[in-house]
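Engineer: When you get a sec, could you give me coordinates for this:
(2 chains)
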Protein chains: 2
Amino acid sequence: MLKTTDIAAWALSQKPTVNKNIYKLAKMALLDYIAVVSLGQKEAAYHSLKQTFTSSDDGTKALKLGFAAHLLDLDDMQDDLRGHPGAVIFSSIFALNDSVTIDEVLDAYVIGLEIAARLGDLVNPNLYETGHHASSHLGQIGAAVALSYLRHDNEVMMAKVIGLAITEAQGSLFQFGSDVKSFHIGLSARAAIDAIKFTQTDLTGQLNGLFVEKSIIDQYHALDTIALDQWFQAFGRPWKIEKLWFKQYPFCSAAYRAVDALLIIKKNHHATRENVTALTVSFGIGRDAALRYKQPKTGIEGRFSIEYILWQVLGDISPLSRNPYQVELLSQSPSNLITRVYETQEAANLSSEVSLTLTNGQQLSARIFDPVGSPKNPLALTQILEKIALSFSKTQVQQMIEAIEQNNWHAIKQFVVI
Amino acid sequence: MLKTTDIAAWALSQKPTVNKNIYKLAKMALLDYIAVVSLGQKEAAYHSLKQTFTSSDDGTKALKLGFAAHLLDLDDMQDDLRGHPGAVIFSSIFALNDSVTIDEVLDAYVIGLEIAARLGDLVNPNLYETGHHASSHLGQIGAAVALSYLRHDNEVMMAKVIGLAITEAQGSLFQFGSDVKSFHIGLSARAAIDAIKFTQTDLTGQLNGLFVEKSIIDQYHALDTIALDQWFQAFGRPWKIEKLWFKQYPFCSAAYRAVDALLIIKKNHHATRENVTALTVSFGIGRDAALRYKQPKTGIEGRFSIEYILWQVLGDISPLSRNPYQVELLSQSPSNLITRVYETQEAANLSSEVSLTLTNGQQLSARIFDPVGSPKNPLALTQILEKIALSFSKTQVQQMIEAIEQNNWHAIKQFVVI
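Structural biologist: Next up is the predicted model:
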């Protein structure tokens, strides 16, 4: 049977960014994190939290960064983890680490994400479907691995850190739709730091948190030796970061395919709120579960409403705009000309089709499998830089690029306000 | 269907210490807490934690107090909760509260314990047996209720606090047998304070954390309206504090019955390590599960070894002595003259029998159902005071009694070092 120290030994032996593609993705994830945390810090919710959680210790710093990074739901996303790795992992690193290089940070991120997403392969969808916020539960294990990697722990020490990260795991799905969802991410970034701090003491902790009876794997999967051996052999082949999504739009990624489909129609045709008489949007059965609001009452609920989101796009509002998705109460509901339909064929699970009728009777439709920002249709670096440009000047963006080229963590850290 | 606000409204309307017996028990629990936290603070483990978690915010204070209070496993215990209420609830109160009266604190404790133990009625043993540290999961809900009660919240606010406490719930059984078990208690005391702090912001949180889909109740029980209505009607009838254990001995309470049985034999007969040739100790099947070490390697493991514990008592070492149960490695294992036997009749679940043979051939035995400190054989106040006297002078103990008589929180707070 595998031991947690086996996982730790593997993690400590890796340097994934020697692969140029992995390096590029990790660099984009770092820049994307800087973009989303700075955007989050402009939100009223962030200032509200900051006024109450005033402590200046590393854990509280991580709590505030993690909260900010997830506030707009614009942070990176990975399907196997079933959640957002960067907001947890980078927040704990930025809060804790001074004497590291950017290259080390990027390796730590890729490895932390790898462990979290590989655990996701085992415990999802069970973990998620029984009511746990996977970004939080698995994210903090990934963050703890990343911090331990940056501390140059040995495998025994990293295993102890992992055991602490697991036992602190929290975050319930029933809090989705409230600010507590982002608070979970902050708590998880703090928990990773707690784990590191606990192992700075001479206190005892279990070394095999992953593969013992009643572990997270035992609860949501099975401690089956053969299956676990196969699972472990797949680590890094390929790296899970290669399935990372970068989010451009400040709303639920379950809406991305439909939005891109509507944008394609609009690119070639004049389709607006005024001249569209009916619009259907298709999902595989259950694939719109996160889009839980048909008549959102606030802009935040609107982030989880396909009707609301498509109505904005029909109104020629750029899907990049954050304006429609604020906390304020909405004065009007989206028109009821938009309806959802469900498709049973397998492709429907990976695509959405938008079909609409114009006032002149013309029928138009488009189907999207890989929306912009998803792994097979990735953002270009320039698009990440545009996201950063929402908060920083051209000179600052240039300084970030230089900091990364110079592998200078201290210089990049200036751009994350803690 | 019940709502979390119904539970909160009930909690806010209660003043249980108007009942003299409840008042007496709560007062003993408070004094017992002061005893155990001060004893814990003498431990090397506490100083180790303190050197690393140096922040002076309320949450970190609660973390350190909770850790200290549970370190010796001498803190109060409640069977329905399946764990230790005082270490979590009082730690969060002492860390957070200045402007309250002792009477209010005692009411808050009784009510917090009530909610935690009533939830235990629903979710245990499932919660515990699937691998969750119930003291921690349920304890922090109780602590959050207590803090919210002391803040004079309305039921909507308390419901929001409860939702936060649930979503932060953590603590895995695989960490039992390490210092992390006590760390869980600290984390839970901190989580209750997090919940209060979060609700000091204007951030949003769900108001019905208990009875929504995928809540803690949904996961470990069932959201059955009729059963829940009956469950709710039983609140406070009788109060769960009436089933509180006060621990005298610094080892696992599963050993208490056997120790008291051996003490009865020793009271009337000369039974020692030298003149006993065989000793059997009986348990109902599975009732010795927590006594997981037969050959403990350290004194801490010795706390969970019936063989080791009885060997100390046979050696005329008082079961009150903490000396045999320290972190140090043991130079010798207990003699193998002690063996466990299992009984199948129902009474065995509630009792232990010790039978032994002397070198002169004499057979002696005793059976105990209600050991000293258990609800039906409660400690006298003087015995709690003896526990306090391990850390405080007679004058100080007198000052504590006076502080309670004068309902003076400020005065009693002097005796808990934060």
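Engineer: Correct me if wrong: A:L329 contacts A:E301.
Structural biologist: No - at 9.8 Å, A:L329 does not count as touching A:E301 under the criterion of CB atoms under 8 Å. C-betas here are computed from N, CA, C, even on glycine.
Engineer: which SS state does the residue nearest to A:K240 when sequence neighbours are not counted fall under?
Structural biologist: Spatial nearest neighbour of A:K240, excluding adjacent residues (CB to CB, 6 or more residues apart in numbering or on different chains): A:A117 at 3.7 Å. At A:A117 the chain is in helix, as set by DSSP: H, G, I helix; E, B strand; the rest coil.
Engineer: pLDDT value on A:A117, please?
Structural biologist: Note on A:A117: pLDDT of 98.
Engineer: That one: how many residues sit nearby?
Structural biologist: 26 (other CB atoms under 10 Å in any protein chain shown).
Engineer: Now for it: which residues touch it?
Structural biologist: A:Q78, A:D80, A:L81, A:P85, A:L138, A:G142, A:K240, A:K243 (CB atoms under 8 Å, 6 or more residues apart in numbering or on different chains).
Engineer: Same question for A:S188.
Structural biologist: Contacts of A:S188 (CB under 8 Å, 6+ apart): A:G66, A:V88, A:S135, A:S136, A:H137, A:G139, A:Q140, A:A143, A:A169, A:Q170, A:G171.
Engineer: how does it look with 10 Å?
Structural biologist: A:62-63, A:66, A:70, A:87-89, A:91-92, A:133, A:135-144, A:165, A:168-171 (CB atoms under 10 Å, 6 or more residues apart in numbering or on different chains).
Engineer: Can you say which helix or strand has it in it?
Structural biologist: For A:S188, the host element (DSSP states H and E) is helix A:180-198.
Engineer: how many degrees apart are that helix and helix B:180-198 in direction?
Structural biologist: Per axes from the mean of the first three to the mean of the last three CA atoms, to 10 degrees, the angle that helix A:180-198 makes with helix B:180-198 is 140 degrees.
Engineer: Let's see the helix or strand that comes right after helix A:180-198 as PDB, backbone CA atoms only.
Structural biologist: Scanning forward in sequence from helix A:180-198 by DSSP H and E, the next helix or strand is helix A:216-220. C-alpha atoms of helix A:216-220 as PDB (Å, rounded to 0.1, in the frame of the first residue of the first chain):
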ATOM      1  CA  ILE A 216     -10.300  11.300   2.800                       C
ATOM      2  CA  ILE A 217      -9.500   8.600   0.200                       C
ATOM      3  CA  ASP A 218     -11.000   5.900   2.400                       C
ATOM      4  CA  GLN A 219     -14.200   8.000   2.800                       C
ATOM      5  CA  TYR A 220     -14.700   9.000  -0.800                       C
END
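Engineer: Just checking the distance from helix A:216-220 to the centre of its chain.
Structural biologist: 23 Å (CA atoms, centre = their mean, to the nearest Å).
Engineer: So which elements touch the very next helix or strand once past that helix?
Structural biologist: Toward the C-terminal end, the helix or strand that comes next after helix A:216-220 (DSSP H and E) is helix A:225-233. Secondary-structure packing of helix A:225-233 (3 or more CB pairs under 10 Å, 6 or more residues apart in numbering or on different chains; DSSP states H and E): helix A:4-12, helix A:102-123.
Engineer: Helix A:225-233: which residues count as buried?
Structural biologist: A:L228, A:W231 (16 or more other CB atoms under 10 Å in any protein chain shown).
Engineer: re earlier: which one of A:L329 and A:E301 has more residues nearby?
Structural biologist: Per other CB under 10 Å, whichever of A:L329 and A:E301 has more neighbours is A:E301, with 18 against 10.
Engineer: Am I right that that one is in a helix?
Structural biologist: Yes - under three-state DSSP, A:E301 falls within a helix.
Engineer: Could you tell me the model confidence score at it?
Structural biologist: pLDDT at A:E301 comes out at 84.
Engineer: contacting residues around the lowest-mean-pLDDT helix or strand in chain A?
Structural biologist: Using mean pLDDT, DSSP states H and E, the weakest-scoring helix or strand in chain A turns out to be helix A:299-302, at a mean of 86. Contacts of helix A:299-302 with the rest of the structure, by CB under 10 Å, 6+ apart, involve A:45, A:71-73, A:177-179, A:181, A:250-252, A:292-293, A:295-296, A:305, A:308-309, A:311-312, A:322-330, A:333-334, B:204.
Engineer: Next: stretch A:310-318.
Structural biologist: Contacts of stretch A:310-318 (CB under 10 Å, 6+ apart): A:249, A:251, A:255, A:258-263, A:265-266, A:271-276, A:279, A:281, A:302, A:305, A:309, A:319, A:321, A:323-325, A:332-338, A:354, A:356.
Engineer: Derive a ChimeraX selection command for the buried subset of the residues you listed.
Structural biologist: Only the buried entries of the contacts of stretch A:310-318 go into this ChimeraX selection, using 16+ other CB under 10 Å:
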select /A:249,251,255,258,259,260,261,262,263,265,266,271,276,279,281,302,305,309,319,324,325,334,337,338,354,356
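Engineer: who in the stretch 201-350 of chain A is up against chain B?
Structural biologist: Within reach of chain B by CB under 10 Å from any CB of the partner chain, the stretch 201-350 of chain A has these residues: A:201-216, A:218-219, A:298, A:300, A:327.
Engineer: Done for today, thanks.
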